[in-house]
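Novice: A predicted structure for the sequence below; I have some questions about it.
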Amino acid sequence: MAGDDELARRFEERRGRLRAVAYRMLGSLSEADDAVQETWLRLGRTGADGIDNLSGWLTTVVSRVCLDMLRSRTARREEPYGHEAPEEAGPGDGRAPEEEALLSESVGVALLVVLDTLTPLERVAFVLHDLFAVPFDRIAVVVDRSQPAAKKLASRARQKVRGAPASSGAELEGHRR
């Protein structure tokens, strides 16, 4: 039982970061909480015995859970009613005021709107690399692609976030020459 308590303590130390990762990917606090809860359940089933880097493992698992949720959302074609902004953290969510301030500063509604234009894989690569500085070799494992493909996903996402227009076929041919 002491091992379970220790595992729960170690998970709780990382819960805030996991929730922030999930929120940035999903744009919804309730879905982010669901993703973190699913990560906890998977950790409980797996146990921490074979895990060398718990933070890395948890980030990978929550990212994969979010990716599955994004794919499911695309497959079900859920459209929000009206043009409401994504949920924001409200007071009294169980966070300390300084955590709440950091969360609201770091996640703007505008970023979430822009992230909605990305494919699920682009979104995961962009959020993990550009917002959480996860290296591409670890992102490649999460998105089940090669490292160069993971870099390309993040690059495409950056272009979309910046609003850079896609190059036409004629432009690309000119660059090749």
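Specialist: Arrived safely, thanks for sending.
Novice: C-alpha from now on. contacts and neighbour counts both.
Specialist: Noted.
Novice: Could you export stretch 135-142 as PDB, CA atoms only?
Specialist: Taking Å, rounded to 0.1, in the frame of the first residue of the first chain, the C-alpha atoms of stretch 135-142 are listed here in PDB:
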ATOM      1  CA  PRO A 135      12.800  17.000 -28.200                       C
ATOM      2  CA  PHE A 136      11.800  15.700 -31.600                       C
ATOM      3  CA  ASP A 137      13.100  12.200 -30.900                       C
ATOM      4  CA  ARG A 138      10.500  11.800 -28.100                       C
ATOM      5  CA  ILE A 139       7.800  13.500 -30.100                       C
ATOM      6  CA  ALA A 140       8.400  11.000 -33.000                       C
ATOM      7  CA  VAL A 141       7.700   8.200 -30.600                       C
ATOM      8  CA  VAL A 142       4.400   9.800 -29.400                       C
END
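Novice: Confirm for me that Leu153 is in contact with Pro120.
Specialist: No. Leu153 is beyond contact range of Pro120, at 9.9 Å (criterion: Cα atoms under 8 Å).
Novice: Can you tell me which residue sits nearest the middle of this protein?
Specialist: The centre of the chain sits closest to Met25, judged by Cα atoms, centre = their mean, with a distance of 3.6 Å.
Novice: tally of neighbours for Leu153?
Specialist: A count of nearby residues for Leu153, using other Cα atoms under 10 Å, gives 23.
Novice: Skip the chain neighbours and tell me the closest residue to it.
Specialist: What sits nearest to Leu153 in space, not counting adjacent residues and going by Cα to Cα, 6 or more residues apart in numbering, is Glu122, at 4.9 Å.
Novice: The one you found contacts Arg156, correct?
Specialist: Yes. Between Glu122 and Arg156 there is a contact under Cα under 8 Å: 7.1 Å.
Novice: From the neighbour counts alone, determine which of those two ranks first.
Specialist: Glu122 (23 against 20).
Novice: Would you check how far apart Glu6 and Ala157 are?
Specialist: Applying Cα to Cα, to the nearest Å, one obtains 38 Å for the distance of Glu6 from Ala157.
Novice: Looking at these two, which one has more neighbours?
Specialist: Shown here are Glu6 and Ala157; by other Cα under 10 Å, Ala157 has more neighbours (24 against 11).
Novice: lowest-confidence helix or strand of this protein?
Specialist: When the helices and strands of the chain are compared on mean pLDDT, DSSP states H and E, helix 97-106 comes out lowest with a mean of 61.
Novice: all strands in this protein, in order from the N-terminus.
Specialist: Per DSSP state E, the chain has no strands. Nothing in it meets that criterion.
Novice: Need the mean per-residue confidence for the longest helix along the chain.
Specialist: Taking DSSP state H as the assignment, the helix of the chain that covers the most residues is helix 2-26. Rounded to a whole number, the mean pLDDT of helix 2-26 is 88.
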